[in-house]
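S.K.: all I have is the shape, not the residue letters:
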Ligand code: ATP
Ligand code: MG
Ligand code: FE
């Protein structure tokens with residue numbers, strides 16, 4: 001089957017066509033991503049109103065170009081999937097209402113996708129051998145969670161951040177060091193040239209019994225180190241990244257202790273693009289005798305192929321029902337509604 005996916009929850013406008021073959025083969029048939037980095041760069045972060053307007057301008061041409069590239073029309077697709085949250089509400093509405101209009105016009109089912117479900121299932125698009133249940137570190141601009149992914153629609157949250165997301169900490173560190181926006185890749189590049197041991201930084205919640213994360217104190221320590229005026233920016237970047245890695249590995253190790261049986265240790269979300277973090281997680285997986293799975297970098301940051309793929313997974317699951325045309329756009333939408341709220345946490 002073939003699904004058209006649309007993503008517009010933050011500052012990427014994206015469309016993709018993904019096919020699931022009879023033998024389980026997965027193929028990204030065509031895709032387009034328009035980044036808004038240039039539009040937001042002067043402000044050092046995403047401006048919601050600018051993002052929403054850019055999505056309005058770009059989403060229809062991107063869908064059209066994706067269909068043209070594939071040599072297909074809406075008549076060829078089996079369903080239309082779009083991110084319905086969580087995210088910046090103006091952007092989410094643009095993609096979702098576009099998908100509703102296309103679904104209505106073509107008489108195809110609408111599938112409203114949780115953006116986090118897109119990230120959570122994206123490793124299975126890249127690796128057909130990845131079976132449930134797996135332990136997922138979902139680390140992105142707005143989230144840092146450890147989830148036991150037990151099936152399509154079955155996500156048990158074991159941990160979340162009690163303050164900042166990991167991607168947010170990378171972005172704030174970049175801002176403090178004057179590296180501009182977006183920050184993650186810039187911090188990673190600079191860190192590769194620095195000495196992590198030159199700047200002592202804290203490792204919040206290291207060794208705590210629950211596997212939760214905290215990055216606010218680390219970010220403040222980065223600010224103090226920069227303001228001290230005695231450290232090279234590269235050393236601060238390297239020290240920050242190493243502290244973040246130490247926290248991620250300690251927390252993931254703790255989560256593996258309590259997760260029960262899993263087939264693999266998996267990472268997804270924008271921060272999964274970070275090579276040093278991938279390497280450290282790969283070592284942890286090896287230590288536990290587990291497979292390690294990380295999607296290719298282009299599938300880690302926001303894209304529509306993961307939304308189309310989540311749609312395909314939903315379509316293929318038993319008891320599939322299409323979503324109604326009045327499905328709401330949700331600024332907040334926890335993947336695991338059963339998870340206990342954590343002090344200070346978003347979702
Ligand atoms: P969410 O998925 O939580 O709604 P989002 O969609 O804005 O948030 P993503 O696009 O999934 O987030 O990820 C973007 C984040 O990933 C940014 O914070 C960015 O700094 C971070 N990131 C991207 N590449 C890297 C990298 N190489 N190293 C570290 N962080 C990175
Ligand atoms: Mg982005
Ligand atoms: Fe995302």
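M.R.: Here it is on my side, so go on. Bear in mind the structure is a predicted one, so any value in this text is a computation, not a measurement. Ligands and ions are numbered 1, 2, ... in the order given.
S.K.: give me every residue that touches the residue nearest to the spatial centre of the chain.
M.R.: Nearest to the geometric centre of the chain sits residue 269, at 2.6 Å (Cα atoms, centre = their mean). For residue 269, the contacting residues are 119, 137-140, 143, 167, 300, by Cβ atoms under 8 Å, 6 or more residues apart in numbering. For glycine as for every other residue, the C-beta is placed from the backbone atoms N, C-alpha and C.
S.K.: hmm, 6 Å instead?
M.R.: Contacts for residue 269 (Cβ atoms under 6 Å, 6 or more residues apart in numbering) come out as 119, 138-140.
S.K.: next one: residue 291
M.R.: Here residue 291 is in contact with residue 264 (criterion: Cβ under 6 Å, 6+ apart).
S.K.: now do 8 Å
M.R.: Going by Cβ under 8 Å, 6+ apart, the list of residues near residue 291 reads 130, 263-265, 285.
S.K.: tell me how far the residue of the stretch 1-150 of the chain found nearest ligand 3 lies from ligand 1.
M.R.: Using Cβ to the ion, the closest approach of the stretch 1-150 of the chain to ligand 3 is made by residue 140 at 4.4 Å. Taking Cβ to the nearest ligand atom, to the nearest Å as the measure, residue 140 and ligand 1 are separated by 3 Å.
S.K.: one step back: out of the contacts of residue 291, which is nearest to residue 21?
M.R.: Nearest to residue 21 among the contacts of residue 291 is residue 130, at 16.8 Å by Cβ to Cβ.
S.K.: does anything pack onto the longest helix along the chain? Which helices or strands?
M.R.: Scanning the chain for the longest helix, with DSSP state H as the assignment, gives helix 233-259. Helix 233-259 is packed against strand 134-139, strand 144-151, strand 154-160, helix 166-176, helix 183-191, helix 216-228, helix 275-287, with contacts defined by 3 or more Cβ pairs under 8 Å, 6 or more residues apart in numbering; DSSP states H and E.
S.K.: is any part of the fifth one close to ligand 2?
M.R.: No. With Cβ under 5 Å from the ion as the threshold, helix 183-191 lies outside contact range of ligand 2, at a closest distance of 9.5 Å.
S.K.: so does the helix or strand bottoming out on mean pLDDT in the chain get close to ligand 1?
M.R.: Every helix and strand in the chain was compared by mean pLDDT, DSSP states H and E; the lowest is helix 37-40, with a mean of 92. No. Judged by Cβ under 6 Å from any ligand atom, helix 37-40 stays clear of ligand 1, getting no closer than 10.7 Å.
S.K.: sort out which residues of that helix are buried, please.
M.R.: Residues of helix 37-40 classed as buried: residue 40 (neighbour count, 16 or more other Cβ atoms under 10 Å).
S.K.: looking at the helix or strand following that helix now, give me its mean pLDDT.
M.R.: Next along the chain after helix 37-40, taking DSSP states H and E as the criterion, comes helix 48-70. Averaging pLDDT along helix 48-70 gives 98.
S.K.: show me what the next helix or strand after helix 48-70 is packed up against.
M.R.: For helix 48-70, the succeeding helix or strand toward the C-terminus, using DSSP H and E, is strand 79-85. With contacts taken as 3+ Cβ pairs under 8 Å, 6+ apart, strand 79-85 sits against strand 2-7, helix 89-106, strand 110-114, helix 115-126, helix 305-316.
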